[in-house]
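S.K.: Please work out how this folds:
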Amino acid sequence: MNQKLFFLLLACLFVLSGVAHYAHFGTVAEFIISALAILFVAGFLGKATESVSHYAGQRLGGFLNATFGNAAELIIAIFLVRAGLFDMVKASITGSIIGNLLLVLGASVLLGGLKYKEQRFNVQLASHNSSLMILAVIALGIPAIFISTQHFSAHKSELLSLTIAGILIVAYVLWLIFSMITHKDVLADVEETTPDHGEEAAWSKTTSVLFLVLATVMTAFVSEWLVSTLHTFTAKFGFSEVFIGAFLIAIVGNAAEHSAAVMLAMKNKIGAAVEIAVGSSLQIALFVAPVLILVSTFFGPTMDIVFSPIELAAIAVSVFIAKSISKDGTTNWYEGSLLIFVYIILGISFYLV
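M.R.: Residues are numbered from 1 along each chain as shown. You can find the predicted model right below:
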């Protein structure tokens, strides 16, 4: 899309979304306009992070894209936590994890594989990512087992949730130190030669940073407008909170990762695409989810870390097949199609809940 046309549509949808919210156009109209607006804002966010990553290299660029791409999901989730919609928050966390591992990674591997017969990335990075994904499954699964089978009191549930949240944040910070500082060279992407890959950045470094901040602020506003419509929207159409959170909110919130990861994979930068997709899932499980639990204590009752059996099953299945496909550090289009097939299976299952 032409850049001027994109910015024009972005500005129009952002303004229209605000007008729809404050003028009370009606739940359905507000939801549709806000969802469209956040897609364009997320695209803006993705473009800004890609431009910033031009100056930083594939791994750091992928990390920045995943981080700022997750800003939309984090902001949406904070508003949901403030509204007390804990089940929808957990569903959106689940949807973000499986969406990144199956849909984002699957689309990237599929489309990149159609253009290049085989794509390679650092096999040691793949191994560490697999271990961290298993840690996420353990950390989210243990509380559900212990709290439900041992009938923990509310105080014990809160204590366990806050303790695990703290441990996961520490584990994630240590991973950043390990991967970005102490073992940076070991985990460097196999295809990376120069930070800019011989391409021109969309904007200057200063403009890119300013646009990154602007896109994040815009995301915060549109997210609040979108969340304000969810309760009425789900009741009106009979959708379950699990489906809305796990798929609709997750897909909208993942828009930045979708566009950036696929685009990078089609440029044969599968290392950056994997960093965005898998790195984003890890960031959601090891950082965003724990942060939301800690944040909930400031708004009232603490959100526990107990996920439902179907949510845990979906996360475990996603981790299992993503680990299986990425463990050798190579990808092809057929592996991408397998990831998308699993995502469709889960989507239909959640829809029927």
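S.K.: show me the residues around residue 24 that make contact.
M.R.: residue 30 (C-beta atoms under 8 Å, 6 or more residues apart in numbering). No exception for glycine: its C-beta is placed from N, CA and C like everyone else's.
S.K.: Next, the contact list for residue 205, please.
M.R.: 52, 55.
S.K.: mind checking pLDDT for it?
M.R.: Residue 205 carries a pLDDT value of 81.
S.K.: measure it to residue 41 for me?
M.R.: 22 Å (C-beta to C-beta, to the nearest Å).
S.K.: Which residue ranges of the stretch 251-353 of the chain form helices?
M.R.: Listed from the start of the chain, the stretch 251-353 of the chain has helices (DSSP state H, counting those that start in this stretch) covering 255-265, 270-283, 289-299, 309-326, 333-351.
S.K.: Columns mean neighbour count and distance to residue 121 on top of the ones you listed, output as a markdown table?
M.R.: Formatted as a markdown table, the entries for the helices of the stretch 251-353 of the chain read as follows, by neighbours: other C-beta atoms under 10 Å; distance: least, C-beta to C-beta, whole Å:
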| stretch | mean neighbour count | distance to residue 121 |
| --- | --- | --- |
| helix 255-265 | 27 | 10 |
| helix 270-283 | 30 | 4 |
| helix 289-299 | 19 | 26 |
| helix 309-326 | 20 | 8 |
| helix 333-351 | 17 | 13 |
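S.K.: a markdown table for the ones you listed, including mean pLDDT?
M.R.: Rendered in a markdown table, the data for these read as follows (pLDDT from 0 to 100):
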| stretch | mean pLDDT |
| --- | --- |
| helix 255-265 | 74 |
| helix 270-283 | 85 |
| helix 289-299 | 90 |
| helix 309-326 | 91 |
| helix 333-351 | 93 |
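S.K.: Which among those helices is found nearest to residue 36?
M.R.: Closest to residue 36 of the helices of the stretch 251-353 of the chain is helix 255-265 (C-beta to C-beta; 10.5 Å).
S.K.: helices or strands up against that closest one?
M.R.: helix 27-53, helix 58-82, helix 105-115, helix 270-283 (3 or more C-beta pairs under 8 Å, 6 or more residues apart in numbering; DSSP states H and E).
S.K.: And these: which comes nearest residue 177?
M.R.: The closest approach between residue 177 and any of these, judged by C-beta to C-beta, belongs to helix 58-82 at 12.7 Å.
S.K.: And the average pLDDT for that closest one is what?
M.R.: Predicted confidence along helix 58-82 averages 75 (mean pLDDT).
S.K.: I'd like to check the angle between it and helix 255-265, please.
M.R.: The directions of helix 58-82 and helix 255-265 differ by 160 degrees, with axes from the mean of the first three to the mean of the last three C-alpha atoms, to 10 degrees as the criterion.
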